[in-house]
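Participant: This is the structure alone, sequence omitted:
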């Protein structure tokens, strides 16, 4: 037994074992520029101002109804899917487009869902406040394999805010939309609201943890247009002004895993610091979802990310991502920076260990921590880790010199350990 | 011994002293590895006291920021409120969030640490010191502040300001010269701004004068801010209000005259009404009772919904009855 423990300890590196000093610089490349060029033909076309104005007029006519409405419907039906989606998105993205037009545009996109529209449609979730428009937005996303709109459906069905325009009609539409959820044996869509609601909660839970819809994978993840538009979203991370960066992070954290993760794991080697930084940040936000996806798809995501620790300007973010993903095999790389890193790196390493380490790595972390001075934040992370793996009996007391928000952030990470890919 | 010889002797003695000083290397202080701003605070107590009193020190613990960032669950807010050292980035690049000691906000390392671990000073001939001061022209340059303060255009506004207001840069108005113990001059690290009533008072001048037709002409001139008034944070608003005294001696309620503000980005129906450096806003009020005494005041709000009682009264002027 003792021998086993010794072997296990040796396996993750004794403290005095010599480790190479400077890790080699990772092979950074102009990944984004190359991918943008390669996928140019698959991206959505840039519509002309006239084209947008035309689509705008046609959408307006739809609302008029009668003859004119019919004509508009026929005209729209005859248009090329990609050009129409691009122009419709442009109408939606324009500042000050009136709510009737936004509803018509979302209804149109829900009936003709185009995979290439998925990233830009996902961004609408951040800005669209109108209930009926959100119902059609959620339906379009669902048909494209994304559950990102389920939160909006749930919100509308729960909302007591009848002051919102057409709240009752939107609730009815949202209830109908539930019948379009992915099927499950034993669930009869539309038979009664209570079971439809139950199905919504199930699918939403699954989406939140896995970033996929239960059942068969959807076409959009293989679609060249969707991939091209995902690369265009990544490109925005390099922006100087913050708004496009915030938007891109919002979208990338809400795309189906099979679409976003292969792109993100490649973009992490982009030469531009800001792209690397924010791609790593999105991977951290997705956290255990990344680890679970990698396990499902048989990808060694830890090995893919570890070389980035050789890049000093991205090191702390890479440590964070490695921890957030929640796979214990990241621990040896993290332990090294807990010992050798500056304060930022050592703190990031301790935080990361809290999120992924198993008992063996936790023991080693405590040993290394005893050999150097650490920030209160790092100490708190290691205290929580020690408690979680059962190395200490009593619940730890937060250090008095640590800000309460930083205390809570780490308590949440401890709670998230339950979602780690191999914790169940 | 004549005077000339005495002088020569003295000079050569001084020369020897100077030579000795030049030849004898100054005792090299032992360098310390700087990992935390708390180390600077111990050795630089004067600067530390000023900084602790500044909004830079509060950037991560400021309750207003906490509220709006959802306790920094909104991680994009960490980038400027608890950043990595600015000088680790190129001038003009965005700063990024750090991981340790966030509660120190915009701290000493944020503005001073150079990529090699030494500290930046603006003196061309830095003293030998444990923190290894090195000359860096970027420290006292506007571009240092621009890394965080140009999101809403403060630095661009400054660049467009008239030369007499612009001065050398931000430090002219935001960091007064102060004597330091070593007998050198330093710069105060309080960085006062919109929270400081004195700064607000020197930013603008309020004038009111009666005109023909019983009207009162009101003017507000940006005489002392090297950028728009108010600037930077979009929440800031400055309101002109007026009231009149009726013949029965009672004052009317305050009435709104004009708001100076850069609206939030979703307030698309509003335009930017900040007052640029050197410019004057002009308006008139007409009291209901001809010739009544009129008072005009300027209120400064740290957020647009702040009630009058909590706002800072910057200026108040009155126009005498019938005057």
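Facilitator: Thanks, I have it. All of these numbers come straight from a predicted model, not from anything done at the bench.

Participant: For residue 124, list the residues it contacts.
Facilitator: All of this is about chain A. A:92, A:106, A:137 (CB atoms under 8 Å, 6 or more residues apart in numbering or on different chains). Every residue, glycine included, has its C-beta placed from N, CA and C.

Participant: Please refer instead to chain B.
Facilitator: Contacts of residue B:124 (CB under 8 Å, 6+ apart): residue B:135.

Participant: Is it in a helix, a strand, or coil?
Facilitator: Secondary structure, DSSP: H, G, I helix; E, B strand; the rest coil: residue B:124 is coil.

Participant: For residue B:132, see how far away it is.
Facilitator: Relative to residue B:132, residue B:124 is positioned 16 Å away (criterion: CB to CB, to the nearest Å).

Participant: Residue 97: neighbouring residues, count only.
Facilitator: Let's take chain A. Using other CB atoms under 10 Å in any protein chain shown, residue A:97 is surrounded by 15 other residues.

Participant: look at chain B instead
Facilitator: With other CB under 10 Å as criterion, residue B:97 counts 21.

Participant: Tell me which helix or strand comes right after the helix or strand of chain B with the lowest mean pLDDT.
Facilitator: Ranked by mean pLDDT, DSSP states H and E, the weakest helix or strand in chain B is helix B:3-23, scoring a mean of 48. With elements assigned by DSSP states H and E, the helix or strand that comes after helix B:3-23 is helix B:37-43.

Participant: buried sites along that following helix?
Facilitator: Judged by neighbour count using 16 or more other CB atoms under 10 Å in any protein chain shown, the buried positions of helix B:37-43 are B:37, B:39, B:40, B:41.

Participant: what does stretch B:152-161 give?
Facilitator: B:152, B:153, B:154, B:155, B:157, B:158, B:161.

Participant: what does stretch A:122-140 give?
Facilitator: Quick answer for stretch A:122-140 (16+ other CB under 10 Å): A:122-125, A:128, A:130-140.

Participant: Likewise for stretch B:201-212?
Facilitator: For stretch B:201-212, by 16+ other CB under 10 Å, it's B:201, B:203, B:204, B:205, B:206, B:208, B:210.

Participant: any chance of these in JSON lines, plus distance to chain A, pLDDT and secondary structure?
Facilitator: Listed next are these as JSON lines, based on distance: CB to the nearest CB, whole Å; pLDDT from 0 to 100; DSSP: H, G, I helix; E, B strand; the rest coil:
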{"residue": "B:201", "distance to chain A": "33", "pLDDT": "98", "secondary structure": "helix"}
{"residue": "B:203", "distance to chain A": "27", "pLDDT": "97", "secondary structure": "helix"}
{"residue": "B:204", "distance to chain A": "29", "pLDDT": "98", "secondary structure": "strand"}
{"residue": "B:205", "distance to chain A": "34", "pLDDT": "98", "secondary structure": "strand"}
{"residue": "B:206", "distance to chain A": "35", "pLDDT": "98", "secondary structure": "strand"}
{"residue": "B:208", "distance to chain A": "38", "pLDDT": "97", "secondary structure": "strand"}
{"residue": "B:210", "distance to chain A": "43", "pLDDT": "93", "secondary structure": "strand"}
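
Participant: Appreciated, that's everything.
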